[in-house]
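Colleague: got a structure for you, letters missing:
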């Protein structure tokens, strides 16, 4: 039976008798339902009278959702079985009765939701064997969890969802494949090295900063350039990693032979342990830092390189000719490995790195549960940041896998008769919850991955997908438009 | 304005913003329908709600880059565009369906959006 709980704050607005007559359901008046005592008294009434759906009427808008959530827990009612209505003091009795009837109609359409417990696989796969990957594995080991490390290049396929990912690996030597199941994945793959043949590099003249020290140490006294330019922030603003590398490379160069050295950057990023000190040492050694704004142009001219940029301190264009220029790879917009991105099925940011620009994603999180990212592949190139990421990811993976996952089975349901396998939902689902069931020849939702957003249900061209707790009947009922009899009958069918 | 406005709200943004408007008279004639995400708002549903007598449908979603479900708002925007095109073709007035990206704390802008929509609907009714 459905019970209506009427808060005392509505005493003068609508009466119990009026409501009971209009709604045809039992009304339980109560004192201050938004307080914990009020919630407890509602829970008692629910248990005593065998109420299985509750409608809470009150005035306080902001608390209503929280009250519903705590009532649902206290009274052990199913998901979606508690609704709230808030009434303005001004409305008329007729309008209120209509709203109550609409809410009751919607409540009637809420199906029973079961839950299912699954035991996750305990092992974690760390993709990427660099410093970040190592940090993640060490953190996992210290939490008492086994981790397997692999290079991104040897992974050929990733399927499944949180708790049970099946990953296929290329065998060493290149013949055949191996498969293994993991509970979670930590992606610490780093970014691919920028290709030395891409813009702005010119062999021998404009080189990657990472190669600078090697190259200089191989030069004889006659070949050694008289002047050197290091360019940071060329395409994108970079992290402290590039700044640290530039300072060290300049100091190295100065220690080899006397060389005039400029560093072009947007900002000196010194907010890290030892960076301020490193910056001071570089300046004392004679490295000149030029803060530029906007674009910087590098032209290989004659035997050297011309660097042109707008100096924001002087407020004028500067032009410097030097023998050799080095460009920091962190300042170039390098997307993550496309093959890996596709296999993982997670979104990328505007630069193609492995994490979507979304404020709700904490540093290690991706759209998919059970896949965590750390370090350079998501843009955190500075060592300590990457290590912090790795530890966060390890902790999150550990937390996910340490207890059975309880899933509410209110996921999207696909009607096999209507599904035409157009794959719209499979492509669209931000959480990769939609998969193809080859046997049944239809799309299917993985309850453990489903976040109940309803994107698939909203987009399915054949209307084959429904979200049980948010079915069309419920939405239409709530929109004040009474559902016609046929659609209600259809909704009620299990 | 005949009929009210049905606001299809994402429960993470629009719903909360509407809730914090409380008793504000701007909500008179606005029926809020809670959805898990604005991405659940279907084109057919918007048209059906209009068919059943509502004057307008206002879809409220999270700001596009902050969508709780990552791409929900962006998809909703596309569907609202489809619904508007259909209404325009039918000669019913495309301003009857609108989408607003509102964060859960942006109540003043929400009130402004509702007022603007009411004004647009009234202007449209006057023309018709």
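Modeller: In hand now; what should we look at? What you see is a predicted model; the values in this text were computed from it and never measured. Numbering: from 1, shown residues only, chains lettered A, B, ... in the order given.

Colleague: quick one: low-confidence parts of chain B?
Modeller: Chain B contains residues with pLDDT under 70 at B:1, B:128.

Colleague: where do the helices of it begin and end?
Modeller: Assigned by DSSP state H, the helices in chain B fall at B:14-21, B:43-51, B:72-90, B:107-127.

Colleague: tell me how many other residues crowd residue B:119.
Modeller: 12 (other CB atoms under 10 Å in any protein chain shown). For every residue, glycine as well, the C-beta is placed using N, CA and C.

Colleague: cool, the one 5 residues further on as well?
Modeller: Applying other CB under 10 Å, we find 17 other residues in the vicinity of residue B:124.

Colleague: and for it, nearest residue in space, chain neighbours not counted?
Modeller: residue B:93 (4.7 Å; CB to CB, 6 or more residues apart in numbering or on different chains).

Colleague: am I right that residue A:443 is in a strand?
Modeller: Yes. Counting by DSSP: H, G, I helix; E, B strand; the rest coil, residue A:443 is located in a strand.

Colleague: correct me, but it touches residue A:428?
Modeller: No. Look at residue A:443 against residue A:428 with CB atoms under 8 Å: they stay out of range, at 10.7 Å.

Colleague: just to revisit the earlier point, for the helices of chain B, which one ends up most surrounded?
Modeller: Ranked by average neighbour count under the criterion mean count of other CB atoms under 10 Å in any protein chain shown, the helices of chain B are headed by helix B:14-21 at a mean of 22.

Colleague: what's the helix or strand for the residue of the stretch 101-250 of chain A found nearest chain B?
Modeller: Here the residue of the stretch 101-250 of chain A nearest chain B is residue A:102; by CB to the nearest CB that distance is 8.4 Å. With elements taken from DSSP states H and E, the one containing residue A:102 is helix A:93-108.

Colleague: tell me which helix or strand comes right after that helix.
Modeller: Counting by DSSP H and E, what follows helix A:93-108 is strand A:115-118.

Colleague: what mean pLDDT does that following strand get?
Modeller: Across strand A:115-118, pLDDT averages out at 90.

Colleague: what's that strand packed up against?
Modeller: Applying 3 or more CB pairs under 8 Å, 6 or more residues apart in numbering or on different chains; DSSP states H and E, one finds that strand A:115-118 contacts strand A:405-408.

Colleague: so which strand or helix has residue A:158?
Modeller: strand A:155-161.

Colleague: likewise for residue A:148?
Modeller: Going by DSSP H and E, residue A:148 is in strand A:147-150.

Colleague: give me every residue in the stretch 351-494 of chain A lying close to chain B.
Modeller: Proximity of the stretch 351-494 of chain A to chain B, by CB under 8 Å from any CB of the partner chain, involves residues A:356-360, A:367, A:428, A:430-431, A:451-455, A:457-459, A:463, A:467, A:469-470, A:472, A:475-476, A:478-482.

Colleague: what do you get if the cut-off is 10 Å, keeping everything else the same?
Modeller: A:356-361, A:366-367, A:428-431, A:451-460, A:463, A:467, A:469-470, A:472, A:474-484, A:487 (CB under 10 Å from any CB of the partner chain).

Colleague: inside helices: which ones of those?
Modeller: A:428, A:455-459, A:472, A:474-478, A:487.

Colleague: beta-bridge partners for residue A:86, please?
Modeller: Beta bridges link residue A:86 to residue A:58 when assigned by DSSP bridges.

Colleague: got the phi and psi for residue A:213?
Modeller: Residue A:213 adopts backbone torsions of phi -60, psi -40, taken as degrees, to the nearest 10.

Colleague: residue contacts, it?
Modeller: A:245, A:248, A:249, A:252, A:253, A:256, A:326 (CB atoms under 10 Å, 6 or more residues apart in numbering or on different chains).

Colleague: report the buried residues of stretch B:51-67.
Modeller: B:52, B:54, B:55, B:56, B:57, B:58, B:59, B:60, B:61, B:62, B:66, B:67 (16 or more other CB atoms under 10 Å in any protein chain shown).

Colleague: direction included, what does the strand holding residue A:148 pair up with?
Modeller: strand A:124-127 (parallel).

Colleague: quick one: mean pLDDT for the partner strand?
Modeller: Computed over strand A:124-127, the average pLDDT equals 96.

Colleague: the closest residue in space to residue B:15 that isn't next to it in sequence and chain A, how far apart?
Modeller: In this structure, residue B:15 finds its nearest non-sequential neighbour in residue B:9, 4.2 Å apart by CB to CB, 6+ apart. Per CB to the nearest CB, to the nearest Å, residue B:9 is found 11 Å from chain A.

Colleague: related to what we said a few turns ago, was I right to think the residue of the stretch 101-250 of chain A closest to chain B contacts residue A:473?
Modeller: No. With contact defined as CB atoms under 10 Å, residue A:102 does not reach residue A:473; the gap is 11.4 Å.

Colleague: circling back to that earlier point, now render the helices of chain B as CSV, adding distance to residue A:343.
Modeller: Below are these laid out as CSV (distance: least, CB to CB, whole Å):
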stretch, distance to residue A:343
helix B:14-21, 35
helix B:43-51, 33
helix B:72-90, 24
helix B:107-127, 41
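
Colleague: closest one to residue A:133 among those helices?
Modeller: Taking CB to CB, helix B:72-90 is the member of the helices of chain B nearest to residue A:133, at 32.7 Å.

Colleague: report whether that closest one contacts chain A.
Modeller: Yes. Helix B:72-90 reaches chain A (CB under 10 Å from any CB) through B:72, B:74, B:75, B:76, B:78, B:79.

Colleague: again, but for stretch B:53-62
Modeller: Yes. Counting by CB under 10 Å from any CB, contacts between stretch B:53-62 and chain A involve B:53, B:54, B:57, B:62.

Colleague: reformat the ones in helices among the residues of the stretch 351-494 of chain A next to chain B as a markdown table; add pLDDT and neighbour count.
Modeller: Output for those, formatted as a markdown table (pLDDT from 0 to 100; neighbours: other CB atoms under 10 Å in any protein chain shown):
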| residue | pLDDT | neighbour count |
| --- | --- | --- |
| A:428 | 91 | 16 |
| A:455 | 94 | 31 |
| A:456 | 95 | 28 |
| A:457 | 94 | 26 |
| A:458 | 92 | 27 |
| A:459 | 93 | 20 |
| A:472 | 89 | 20 |
| A:474 | 89 | 26 |
| A:475 | 89 | 26 |
| A:476 | 88 | 26 |
| A:477 | 86 | 25 |
| A:478 | 85 | 24 |
| A:487 | 42 | 16 |
